[in-house]
Each structure stands twice: as C-alpha cells, then as structure tokens.
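Chemist: would you be able to build a 3D model of this:
(2 chains, ligands or ions: 2)
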Amino acid sequence: MTVTLRRVVASEWTKLSGLRGPAAIVVATVVVSGLLTYAAANASSVDPGFDPIDSLTAGLVLAQVGPLILGVLVGTGEFGSGTYRATFTAVPRRLPVLAAQTLVTAAVALVTALLAVGAAVVALLPPAASRGIALDLTSDGTPQVLVGMVAFLVGLALLGLGVGALLRRPVPSVVAVVAVALVLPIALVLAADAGTDPMAGAAGSTSLQDTVNTVVTLLPSGAGALLATPPGTGGVEGAPDLGPWGGGLVLLAWILVPLAAAAARLRGRDLTGSR
Amino acid sequence: MISVTALTKRYGPTTAVDGLTFTAPSGAVTGFLGPNGAGKSTTMRMIVGLERPTSGTATVDGRPYAELAAPLRTVGVMLDVRSAHPGRTAFRHLLAQARTHGIPRSRVDEVIALTGLEAVAHRRAGTFSLGMGQRLGIAGALLGDPGTLILDEPVNGLDPDGVLWVRDLVRRLAAEGRTVLLSSHLMHELALCADRVVVIGQGRLLADATVPELVDGTEGGSLEEAYLQLTAGAVQYRGGDVR
Ligand SMILES: Nc1ncnc2c1ncn2[C@@H]1O[C@H](COP(=O)(O)OP(=O)(O)OP(=O)(O)O)[C@@H](O)[C@H]1O
Ligand SMILES: [Mg+2]
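Modeler: Ligands and ions are numbered 1, 2, ... in the order given. All right, here's what the predicted structure looks like:
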C-alpha cells in the first residue's frame, strides 16, 4: 500500500468532486457559452450575409472565465485551508500532488469544454433555422475551430491551476489570471486607440499599433483566437500570423511557465499556509 | 522511534529550533513540553517533512520522513485543528487521504467510528467545532494504523470525555509497542499519560527524562512544579501581574 501517482490522482479526484464550487463552475460555463453564442448569432441573423458559423466563438469571451477559476480553485485549495498539511504528509515527495492536480483539472476542463462548445453549436441552430440555413460543421476549417475552442478552454484551466499553485492565495490568483486573460488585451487595445491620433496618420502611431497587436496576439486570449481560427485567415493586422499551431505553442508556454514555477516553489521550500 | 539530531530551524532572524537532539522511543508516550513559541510545532513539522531544517536531521525508524514509501502507514500526524478544507465533508477529507495509499473505505468508516464522528461524517468540515476538528485530525492520524504517532496538542478543545479517550488511546498505542510523541501544555494530563518528557525552551533542550525522574528530583513533587522550574528562564511570553 505505497503511494503511487495513480493513487494520488484518485485522491485529487476525491477532493475535487467533493466540493460544490467546481460543479457550479462547470454548469455556469456551459450555460454562459450557450446563451452568449445564441445572443450573438441571433443579433447578426438579420444581416444579409449572415453565416451562423461566424458566431461560433462569440461565447468564449465570458466562457473562458469558468475554466480559469476552476484551475485557481484546485491550485489554491490546499493552501487557503490547512489541507496542505494532510496532503503533503501523505505525499511527502510533493510533486506527484501537482502532477495529479494537473491531470484531474485537465480532465474536468475537457468535459466542461466539450459541453460548452456543444452548447455553442446548439445555440446556433435556432438563428440558422430562422434564415433557413443548414448548419455545416464540416467545411471551411470549422472542425479545427471546434477543436481549437476546446483546447483553449482546457489550456486556460491549466493556466489557472499553475498561477493558483504558484501564488497559493485565491484572490491574488483570480485577479492575476483575469487581468492577463481578459483585462489586459482590452486595455492594451483601448490604450493604443487612445494613443493613435486619427488626424495625424503618421508612421509612428502605426508602429505603436503593430506593437500592441503583437503583444495582444502573444497573450492567452490572442493565442486562443489563433487556435480557433482557420489557418491563413487568422492573425491581427500588423502582428505575425502564427497559425493555429503557433497559437497552441504560445498557450502552452502560458501553461508551462506558471506550472514550472509552482513546481519549483513546491519542491524547494517550506510549506506554510497562506493564512 | 523518532530521532532528532542537532536540528536547527531559522526564520530570518528568529531561531525557532536550536541544535535540538532527542529521541522518542517505541513503546512509550513521550510528552513534548515547552512555553509558547519554544519550537514544538516547528520541530514536529520538520519531522514530517513539511518544513526543511536549516541544519540537522530528523528520522522515523531510522529513515527521513520524505523517503518513506507509505508514510501514513508508518507515521500518523495531527498538527493543526484546521487541516481540512471547510467545504469538504469529514468523510471525503479522510477518503482523499486514504486514497493516496490505497487504504480501503472501510478503514475510513472505522476511524470515524473510533473518534465518535459518525453523526457528522457527512457534514462540511467548515461547520465543525474546535473539538470536532480535533477528532477529525486524530482520525486522520490513525488512518494508516501507523507505528508512530505525532500529535500536536491533541486534547486542546476536547471535552472531558474526549480528554479521557485520548489518554486511554495513547496509553494503549504505546502498550502495543508504538511510538507516541505528544505536545501539550496540560501538566496534569501529561503526568497521567506520558512515560517520559522532552522539555524545550527557546528551541533548546532543557530536559529529557522519564516522568518519575523529573518529579522525584523536584521539591514540590509534581510535573507542573518541575516544568515551571525548568522553563523559568526560557519563557518568552509572560502575562502581567493580576491585581
Ligand atoms: N513560518 C514561520 N515564519 C516565521 N517564524 C515562525 C514560523 N513558524 C514559527 N515561527 C516562530 O518560531 C518559533 C517557534 O514556534 P512554534 O510554533 O514551533 O512554537 P510552539 O512551541 O509550538 O508554541 P505553542 O506552544 O504556542 O504552540 C516562534 O517564535 C514562532 O514565531
Ligand atoms: Mg505549537
């Protein structure tokens, strides 16, 4: 009866499935994804050139918050309460716990993402039917968009886990991930708009715009946008078009860096609670 | 058996544990005593690998805790009342611990019954009273049926019935040949359940003796009197005169 990774995974699953928070997040994510996609598709269904598929990713803006917070909950759950004492006296090698949390979070996020993307597809049906358009999910790179959306949502959950496990406190972790994933891209674009004088039209302001677009592309949301865009059509003007694979790699970096930092902190230091 | 050798822990300018050496033998209850801030909890956290010593070593049955293949089967630990997630039920908390070692669900039910928590096993730990949290911690320590128990103030917050139960429990565990290291500030309680005591002050060893040795060498003839004399120079936080 020794400690094995398989057993630590079973333990982490027991912990996660015994809390109300994560279950509520899964439900909320799926509902938000469906409703927001429906609202967007319904609004544009009056346009002459309406294509329901164009609204497929509209729900991601808000649906991404769920996986982020799910990850943070798992990452900070040990240290926000005194659970870390029970956990790490049972698994004194420590790192298997983080590995198990990564697996369990990825699994729950995958189910959430599949349901959320499914809800988004279903939400397109009524607006499409209202215009007599049959929904076609197999052409124009749509399969890749669907896979990209799922990968994006799972990736964000792991980003939340890494940041949560690194910072160990729920509030700073949520602030950090929401800032990076949601606020920063919008704030940067707004700031660049404000910094660009529409009268001048000088070359200098264009290069500022290009810099901002490049930075925004390299943020998790930009990487996610690339993942969920067919190749060749992605990329913001002035920023390099990395394509879906490039976007995937950028997102992977956003996952691995906080997770590696969390692993280093976990392995090398004293374990003390956050309060 | 627990062996602590030249153990030192510094937190920045604070030296919490200072070159501490002692052993807690098997088949005995070793009381771990010292004023507030003496370094008892810090020593226990280092023994079970939650904190890294600045220098020195701590082993259980001759091996560092982190190298044990099935730590819960070797050592049972209760360090703090609040060691369960407030949103998780007592049963789930214990089950999660058990699963890391493949300990069966039936053993979880057993320790719940043993600690008298049946009625509240499916309530969230955040709703527990101090004593219920304490019982949950003891249940966790007993899960793996370990040969060594490390209990930090286990009777703190327990009702008289619970205090008596812990006293009987540790006596029985020691009689079975197990090692028990137990910290407490309750001298009368320790006089009843400990075979030997290790007294520390400001992180340093002040005494390591059997209870009779200590008591007989003191005029007044009580463990409390012996403790007060030993630690007179090592108390860091002393109340003011009451008028
Ligand atoms: N994480 C920490 N950071 C800084 N100082 C700490 C930390 N943990 C403990 N200390 C300090 O180490 C010293 C020993 O504390 P410890 O909790 O081990 O004492 P104790 O003997 O258990 O006291 P008590 O009887 O009050 O429980 C104290 O001065 C305490 O402030
Ligand atoms: Mg203490």
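
Chemist: for chain A, what lies in contact range of chain B?
Modeler: Contact residues (Cβ under 8 Å from any Cβ of the partner chain) of chain A with chain B: A:1-4, A:7-8, A:10-12, A:14-15, A:18-21, A:77, A:81-83, A:85-93, A:269-272. Backbone N, C-alpha and C define where each C-beta goes, glycine included.

Chemist: what subset of those is buried?
Modeler: With neighbours counted using 16 or more other Cβ atoms under 10 Å in any protein chain shown, those contain these buried positions: A:3, A:7-8, A:10-12, A:14-15, A:18-19, A:77, A:81-83, A:85-92, A:271.

Chemist: now, the residues of chain A next to chain B that are in helices?
Modeler: In helices, defined here by DSSP state H, the members of the residues of chain A next to chain B are A:7-8, A:10-12, A:14-15, A:20-21, A:77, A:83, A:85-90.

Chemist: for the closest residue to ligand 1 within the stretch 151-275 of chain A, give its distance to residue B:56.
Modeler: For the stretch 151-275 of chain A, the residue positioned closest to ligand 1 under Cβ to the nearest ligand atom is residue A:272, at a distance of 4.8 Å. In this structure, residue A:272 lies at 19 Å from residue B:56, with Cβ to Cβ, to the nearest Å as the measure.

Chemist: now do residue B:210
Modeler: If you measure residue B:210 against residue B:56 using Cβ to Cβ, the figure is 25 Å.

Chemist: try residue B:30
Modeler: Here residue B:30 is placed at a distance of 18 Å from residue B:56 (Cβ to Cβ).

Chemist: the more surrounded of these two?
Modeler: The neighbour comparison of residue B:30 against residue B:56 (other Cβ atoms under 10 Å in any protein chain shown) goes to residue B:30, with 23 against 17.

Chemist: residues contacting that one?
Modeler: B:2, B:24, B:179-182, B:194-198 (Cβ atoms under 8 Å, 6 or more residues apart in numbering or on different chains).

Chemist: reformat those residues as JSON lines; add pLDDT.
Modeler: Compiled in JSON lines, the contacts of residue B:30 are given as follows (pLDDT from 0 to 100):
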{"residue": "B:2", "pLDDT": "97"}
{"residue": "B:24", "pLDDT": "96"}
{"residue": "B:179", "pLDDT": "97"}
{"residue": "B:180", "pLDDT": "97"}
{"residue": "B:181", "pLDDT": "97"}
{"residue": "B:182", "pLDDT": "96"}
{"residue": "B:194", "pLDDT": "94"}
{"residue": "B:195", "pLDDT": "95"}
{"residue": "B:196", "pLDDT": "95"}
{"residue": "B:197", "pLDDT": "94"}
{"residue": "B:198", "pLDDT": "96"}
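
Chemist: those in helices, which ones?
Modeler: When helices are assigned by DSSP H, not one member of the contacts of residue B:30 lies inside them.

Chemist: what does chain B put close to ligand 1?
Modeler: When proximity is defined by Cβ under 6 Å from any ligand atom, chain B lies next to ligand 1 at B:11, B:14, B:16, B:34, B:36-42.

Chemist: so how many other residues sit close to residue A:104?
Modeler: Residue A:104: 23 surrounding residues under other Cβ under 10 Å.

Chemist: wait, what's in contact with it?
Modeler: Shown in contact with residue A:104 (Cβ under 8 Å, 6+ apart): A:9, A:12-13, A:16, A:74.

Chemist: follow-up on the earlier one: filter the residues of chain B next to ligand 1 down to the buried ones.
Modeler: The neighbour-count test (16+ other Cβ under 10 Å) marks B:16, B:34, B:37-42 as buried among the residues of chain B next to ligand 1.

Chemist: please identify which of those is nearest to residue A:132.
Modeler: residue B:41 (72.2 Å; Cβ to Cβ).

Chemist: what helix or strand is the closest one on?
Modeler: When elements are defined using DSSP states H and E, residue B:41 is found to belong to helix B:40-47.

Chemist: show residues contacting that helix.
Modeler: Helix B:40-47 has contacts (Cβ under 8 Å, 6+ apart) with B:2, B:4, B:7, B:9, B:16-17, B:20, B:32-34, B:51-53, B:58, B:60, B:65, B:77, B:79, B:150, B:152, B:181, B:183, B:200, B:203.

Chemist: any chance of the buried ones among the residues of chain B next to ligand 1 in a markdown table, plus pLDDT and distance to residue A:211?
Modeler: Formatted as a markdown table, the entries for these read as follows, by pLDDT from 0 to 100; distance: Cβ to Cβ, whole Å:
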| residue | pLDDT | distance to residue A:211 |
| --- | --- | --- |
| B:16 | 95 | 50 |
| B:34 | 93 | 61 |
| B:37 | 92 | 54 |
| B:38 | 94 | 58 |
| B:39 | 95 | 55 |
| B:40 | 95 | 57 |
| B:41 | 95 | 53 |
| B:42 | 96 | 51 |
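
Chemist: adding distance to residue B:167, write the residues you listed out as TSV.
Modeler: Conversion of those to TSV gives the following (distance: Cβ to Cβ, whole Å):
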residue	distance to residue B:167
B:16	29
B:34	21
B:37	26
B:38	23
B:39	25
B:40	19
B:41	21
B:42	26
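
Chemist: name the nearest of the residues you listed relative to chain A.
Modeler: Taking Cβ to the nearest Cβ as the measure, residue B:42 is the one of those closest to chain A, at 9.8 Å.

Chemist: how near is that closest one to residue A:270?
Modeler: With the distance defined as Cβ to Cβ, residue B:42 ends up 10 Å from residue A:270.

Chemist: spit out the contact partners of residue 74.
Modeler: Just so you know, I chose chain A. Under the criterion of Cβ under 8 Å, 6+ apart, the contact list for residue A:74 reads A:12, A:16, A:22, A:101, A:104-105, A:160-161, A:164.

Chemist: wait, I meant chain B there
Modeler: With the criterion set at Cβ under 8 Å, 6+ apart, residue B:74 makes contact with B:60-61, B:68, B:144, B:146-148.

Chemist: and it, what's its pLDDT?
Modeler: Looking at residue B:74, its pLDDT is 96.

Chemist: cool, residue A:63 as well?
Modeler: 91.

Chemist: what strand or helix carries the most centrally placed residue in chain B?
Modeler: Residue closest to the average C-alpha location in chain B (Cα atoms, centre = their mean): residue B:151, at 2.0 Å. For residue B:151, the host element (DSSP H and E) is strand B:148-152.

Chemist: which strands and helices sit next to that strand?
Modeler: helix B:40-47, strand B:75-78, helix B:130-142, helix B:160-175, strand B:179-183 (3 or more Cβ pairs under 8 Å, 6 or more residues apart in numbering or on different chains; DSSP states H and E).

Chemist: give me the nearest residue to the residue of the stretch 101-250 of chain A found nearest chain B, chain neighbours excluded.
Modeler: Closest residue of the stretch 101-250 of chain A to chain B, Cβ to the nearest Cβ: residue A:104 (11.4 Å). Closest residue in space to residue A:104, ignoring its immediate chain neighbours: residue A:12 at 4.6 Å, by Cβ to Cβ, 6 or more residues apart in numbering or on different chains.

Chemist: confirm residue A:222 sits in a strand?
Modeler: No: with DSSP: H, G, I helix; E, B strand; the rest coil as the criterion, residue A:222 is located in helix rather than a strand.
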